[in-house]
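> Have a look at this prediction, sequence included:
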Amino acid sequence: MKKWIYCFLAISSFLGCSSNDNPIDQNPTDDQLYFPPINSNTWETKSITDLGWNEAALQPLLDYLEAKNTKSFMILYNGKIVTENYFNGHSNTSTWYWASAGKTLTSTVSGIAQDEGLININNKVSDYLGTGWTSETLDKENLITCKNLLSMNSGIDDSLGDDVSPANLIYKADAGTRWAYHNVYVKMQNVIAAASNQTWNSYFNTKLRDKIGMTGLWIDLDNLSVYWSTTKSMARFGLMIYAKGKWENSQIVSESFLNEATNTSQNINQAYGYLWWLNGKSSYHLPQTQLQFSGSLIPNAPDDMYAALGKNDQKIYVVPSKKLVIIRMGDVANPDNPTFALSGFDNELWGKINTLIN
């Protein structure tokens, strides 16, 4: 991964300079929420003192983050910045990759396309891509819906790597009967491009990125489509999700879709929605295993938290009950134990965040 990571750090300055069961319903009303201006780096702040948090816990948290290879860390409270910190040569204009945390961008844009009547996630994928987009028999391929892609239960063999060409998309089980973490979700980008008669990038930029003042771009490398942006752009996305899909007075994606996306989407992995990870469930599954684990995904985190989790510990945590959006970007926190999504770092980090906010 390092080979392609550092090849794209040179784009940082360019990109940085451009101008419980229904967690969303727990959000405060819109008039209490703050949104930073679209075409400005201005962003209002909220002090730890005003919040009544434990100020003495901040520096130990920051020291821990720096020691864990963090590049950036932000906490928003009701939209306002409480702390914004950069480490290890990173800055507020540097860009970094979202890895699989960016799956939630695809989920959200899928909701936008459905809101506009371009797609219906309950329809089969072949309605939009035509038949033969996999190597399955026609009857098995036609079982796979867009919702299966968003829920990671397409039934496609997850042991063959990230290549999503038809030759590599092989039948493992009937759609809906097996949960497995697989890059085949990216086919939703092709679905949206076909349904909108636009490129994925054009639709994404127009319908989401530009409407909330994000910067950044998708980079296609090694059969992966990876989003790169500044930390504040990631925070803008997290804030829009926290605000029930709104940005100020504009509804970017419907609240009803987000309610579906941030609740259990299938009956196998309780801790997974539409490409969002869900805390507070009684069990969960993880990538690259068919084992079921008992208990909450991140025990130290609030039960109503939902998260975008990416390789090497890219994080967006959204916590409606605490009015928080938390961002972490960087290299893998524990190099001896890299993971694709959840890691032991999540629970350790939340233990230290709790010391600050409680």
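Received, thanks.

> Bridge partners for Ser283, pull those for me.
As for beta bridges, Ser283 partners with Ser294 under DSSP bridges.

> Tell me, what's the model's pLDDT at it?
Predicted confidence (pLDDT) at Ser283: the value is 98.

> residues contacting it?
Taking C-beta atoms under 8 Å, 6 or more residues apart in numbering as the contact definition, Ser283 lies against 270-271, 292-295. For the C-beta atoms, the positions are set from N, CA and C on the backbone; glycine is no exception.

> Ser296 versus that one, what's the distance?
From Ser283 over to Ser296 the distance is 9 Å, taken as C-beta to C-beta, to the nearest Å.

> again with Lys246
Lys246 sits 29 Å away from Ser296, going by C-beta to C-beta.

> try Asn39
Distance from Asn39 to Ser296, by C-beta to C-beta: 40 Å.

> Compare the two (neighbour count), which wins?
More neighbours surround Ser296 than the other of Asn39 and Ser296, with 21 against 8 (other C-beta atoms under 10 Å).

> Who is Arg328 paired with across the strands?
Beta-bridge pairing of Arg328 under DSSP bridges involves Phe73, Lys315.

> Tell me where the stretch 251-358 of the chain has helices.
Counting by DSSP state H, counting those that start in this stretch, the stretch 251-358 of the chain has helices at residues 255-261, 344-357.

> correction: the stretch 51-200 of the chain
Using DSSP H, counting those that start in this stretch, helices in the stretch 51-200 of the chain cover 58-67, 103-115, 126-129, 138-141, 146-151, 187-196, 200-204.

> Poorly predicted segments of the stretch 151-300 of the chain, please.
Within the stretch 151-300 of the chain, the stretches with pLDDT under 70 are 222-223.

> Which residue ranges of it form strands?
217-221, 224-229, 246-247, 250-251, 277-278, 283-284, 293-294 (DSSP state E, counting those that start in this stretch).

> Direction included, what does the longest one pair against?
Counting by DSSP bridges, the strands paired with strand 224-229 are strand 96-97 (antiparallel), strand 217-221 (antiparallel).

> CA atoms only for that strand - export them in PDB, please.
C-alpha atoms of strand 224-229 as PDB (Å, rounded to 0.1, in the frame of the first residue of the first chain):
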ATOM      1  CA  LEU A 224      -9.700  -0.100  -6.100                       C
ATOM      2  CA  SER A 225     -11.500   3.200  -6.200                       C
ATOM      3  CA  VAL A 226     -10.200   5.200  -3.200                       C
ATOM      4  CA  TYR A 227     -11.200   8.600  -2.100                       C
ATOM      5  CA  TRP A 228      -8.600  11.200  -1.000                       C
ATOM      6  CA  SER A 229      -9.400  14.500   0.800                       C
END
